[in-house]
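S.K.: Below is the sequence, then the predicted model.
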Amino acid sequence: MGQALKNLCKKDSEIIAQDFKEEGTNLSEASVMIDFSSPEGFISALKFCIDHKLPLISGTTGLTDEHLNLIDAAKNTIPILIASNMSLGIANLKNSIEYYLSSASLISRCKIVEIHHANKKDSPSGTALEILRFLEHLPNNKIEIPIEVQSYRIGNSFGIHRVEFQNNEGIISFQHIANSRDIFAIGALEAARWITSKEVGKYMFTDFLNKKL
């Protein structure tokens with residue numbers, strides 16, 4: 001993700017990208033930090049942003065209750081946006097699912113299937129868990145609970161997320177396939193531009209999308 005972000009920044013003369021922990025890096029004029037690291041790296045990034053009053057965009061997954069408590073404290077000091085997936089495609093996927101369920105007449109069994117590259121450590125993915133929470137909190141009661149989540153770590157996939165609904169009428173599925181990391185990097189950069197003008201507080205990717213749309 002870091003390389004994808006830097007490659008995109010090279011194409012935009014208005015953006016200067018620097019590595020957070022690269023030797024000799026001067027971040028005194030930084031306007032925002034984007035974090036796609038690890039739960040441990042997230043803590044370092046958050047502390048730096050608090051100390052320097054920098055907005056933080058983080059797409060790091062695998063965060064624990066300890067991290068969430070740190071975020072709740074940080075939101076009183078800096079603008080902070082946390083999102084397990086910054087793809088506009090996943091947002092459209094959820095919108096399509098919500099529209100389908102609002103018009104469905106039958107209750108369905110639901111399954112989330114996610115596939116990522118063999119080196120991805122967290123399972124299920126943060127995006128799968130985000131979709132799960134989204135489905136569990138929909139108000140229309142058209143889904144049987146619990147919802148099954150299946151995770152696979154194979155090959156070099158950047159991310160496949162499929163949501164299947166099965167009832168007596170048949171099976172309907174919604175799927176998003178990421179062909180490269182650029183789709184997440186583009187979303188992160190656009191959100192970074194947006195958050196620099198925001199007041200201190202905790203933001204979600206949907207807050208950015210709602211303003212963007």
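M.R.: Okay, I see it. Numbers count the residues shown, from 1 in each chain.
S.K.: next one: the strand or helix carrying residue 185 to chain centre, how far?
M.R.: Using DSSP states H and E, the element containing residue 185 is helix 182-195. Centroid separation for helix 182-195 versus its chain: 11 Å, with C-alpha atoms, centre = their mean, to the nearest Å.
S.K.: CA atoms only: put it into CSV for me.
M.R.: Extracted in CSV, the C-alpha atoms of helix 182-195 (Å, rounded to 0.1, in the frame of the first residue of the first chain):
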residue,chain,number,x,y,z
ASP,A,182,-4.5,1.5,-6.4
ILE,A,183,-8.3,1.5,-5.7
PHE,A,184,-7.5,1.7,-2.0
ALA,A,185,-4.7,4.2,-2.4
ILE,A,186,-6.9,6.5,-4.5
GLY,A,187,-9.6,6.4,-1.8
ALA,A,188,-7.1,7.1,0.9
LEU,A,189,-5.6,10.1,-0.9
GLU,A,190,-9.0,11.6,-1.6
ALA,A,191,-10.0,11.1,2.0
ALA,A,192,-6.7,12.7,3.1
ARG,A,193,-7.4,15.8,1.1
TRP,A,194,-10.9,16.0,2.6
ILE,A,195,-9.9,15.5,6.3
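S.K.: So what touches the following helix or strand past it?
M.R.: Sequence order places strand 201-203 as the next helix or strand after helix 182-195, per DSSP H and E. Applying C-beta atoms under 8 Å, 6 or more residues apart in numbering, the contact partners of strand 201-203 are 71, 72, 75, 79, 80, 81, 82, 195. The way it works is simple: take the backbone N, C-alpha and C, and place the C-beta from them, glycine included.
S.K.: go again using 10 Å as the cut-off
M.R.: 55, 57, 71-72, 74-83, 191, 194-195, 207, 211 (C-beta atoms under 10 Å, 6 or more residues apart in numbering).
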